[in-house]
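Undergrad: Structure of the sequence below:
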Amino acid sequence: MIRIAFAVLIAMTAQTFAADTYVFDKKHTEVRFTWNHFGLSRTAAFFKNYDGELTFDEAAPEKSALTVRIDAKSVQAMSLGAETFLSGPDWLSTEKFPEITFKTTKIEKTGEKTGKIIGDLTMKGVTKPVTLNATLNFKGEHPFSKKTSIGVSAKTTVKRSDFAMGNYAPAVSDEVEISIETEMNKK
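TA: Alright, predicted model coming up:
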């Protein structure tokens with residue numbers, strides 16, 4: 001009986017150490033979103049302040065988990081002065097909803113280095129399921145910092161109207177593409 005309990009404890013401990021936790025390297029991460037502006041161009045903005053963790057199990061990626069918190073007030077636009085508009089009530093309403101969150105509900109491996117990160121995105125008080133199409137670009141020792149690091153690219157498209165931000169559509173596209181380019185370091 002003691003041997004069985006000991007074997008179970010060892011197996012549980014081995015599973016615990018199978019996954020590593022990573023945090024954003026903020027100097028090498030971009031959380032960006034773009035939309036069509038009156039059919040003339042694609043306008044872009046990004047967030048400066050965010051935090052989160054990826055618990056990555058390389059042997060069983062479906063057991064991995066990602067949580068992200070974005071400071072909505074940190075929005076920066078590529079076109080001058082657009083931050084005021086993006087922060088206002090027609091878009092992010094950052095005074096009332098200062099945080100955007102994402103938390104995984106499921107991860108599916110789709111290829112050797114690709115997968116779908118499925119989770120709940122909450123913006124402006126509305127939570128909707130979102131699927132990020134992700135690519136693992138790198139995992140190993142960072143060439144400069146020598147830290148264990150990973151590089152990930154992820155993209156999704158959401159509808160503004162799903163998050164109570166549908167004003168001005170279709171002149172300003174309802175669909176917004178979100179792209180994340182990140183380097184993360186082992187915690």
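
Undergrad: so who does M165 touch?
TA: Contact partners of M165, counting by CB atoms under 8 Å, 6 or more residues apart in numbering, are D90, W91, L92, M123, K124. (Glycine included, C-beta is placed from N, CA and C.)

Undergrad: I'd like to know which of those residues are buried.
TA: W91, L92, M123, K124 (16 or more other CB atoms under 10 Å).

Undergrad: so which pair among those is furthest apart in space?
TA: Using CB to CB, those span at most 9.6 Å, a distance reached by W91 and M123.

Undergrad: show me what contacts the residue nearest to K186 when sequence neighbours are not counted?
TA: The shortest distance from K186 to any non-neighbouring residue, by CB to CB, 6 or more residues apart in numbering, is to T148 (3.9 Å). Under the criterion of CB under 8 Å, 6+ apart, the neighbours of T148 are D20, G140, E141, H142, N185, K186.

Undergrad: out of these, who's nearest I70?
TA: For the contacts of T148, the residue nearest I70 by CB to CB is N185; the value is 19.0 Å.

Undergrad: The closest one sits in which helix or strand?
TA: Element membership for N185 (DSSP states H and E) is strand 172-186.

Undergrad: sorry, back to before: going by distance to I117, which of the contacts of T148 wins?
TA: For the contacts of T148, the nearest to I117 is D20 (16.5 Å; CB to CB).

Undergrad: Isn't the closest one up against N185?
TA: No - at 10.3 Å, D20 does not count as touching N185 under the criterion of CB atoms under 8 Å.

Undergrad: Without its sequence neighbours, what residue ends up closest to F38?
TA: Among residues not flanking F38 along the chain, A171 sits closest, at 5.3 Å (CB to CB, 6+ apart).

Undergrad: Next, count neighbours for the one you found.
TA: 10 (other CB atoms under 10 Å).

Undergrad: now for the contacts of T148, which pair is the farthest apart?
TA: D20 and H142 (13.9 Å).

Undergrad: Determine the longest strand present in this protein.
TA: The longest strand of the chain (DSSP state E) is strand 20-37.

Undergrad: Please report the distance of M78 from H28.
TA: Here M78 is placed at a distance of 19 Å from H28 (CB to CB, to the nearest Å).

Undergrad: Would you mind putting the buried ones among the contacts of M165 into a markdown table with pLDDT alongside?
TA: Below are the buried ones among the contacts of M165 laid out as a markdown table (pLDDT from 0 to 100):
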| residue | pLDDT |
| --- | --- |
| W91 | 94 |
| L92 | 97 |
| M123 | 97 |
| K124 | 97 |
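
Undergrad: in the helix or strand just after the longest strand of the chain, what counts as buried?
TA: Downstream of strand 20-37, the first helix or strand assigned by DSSP H and E is strand 41-47. Residues of strand 41-47 classed as buried: T43, A44, A45, F46, F47 (neighbour count, 16+ other CB under 10 Å).
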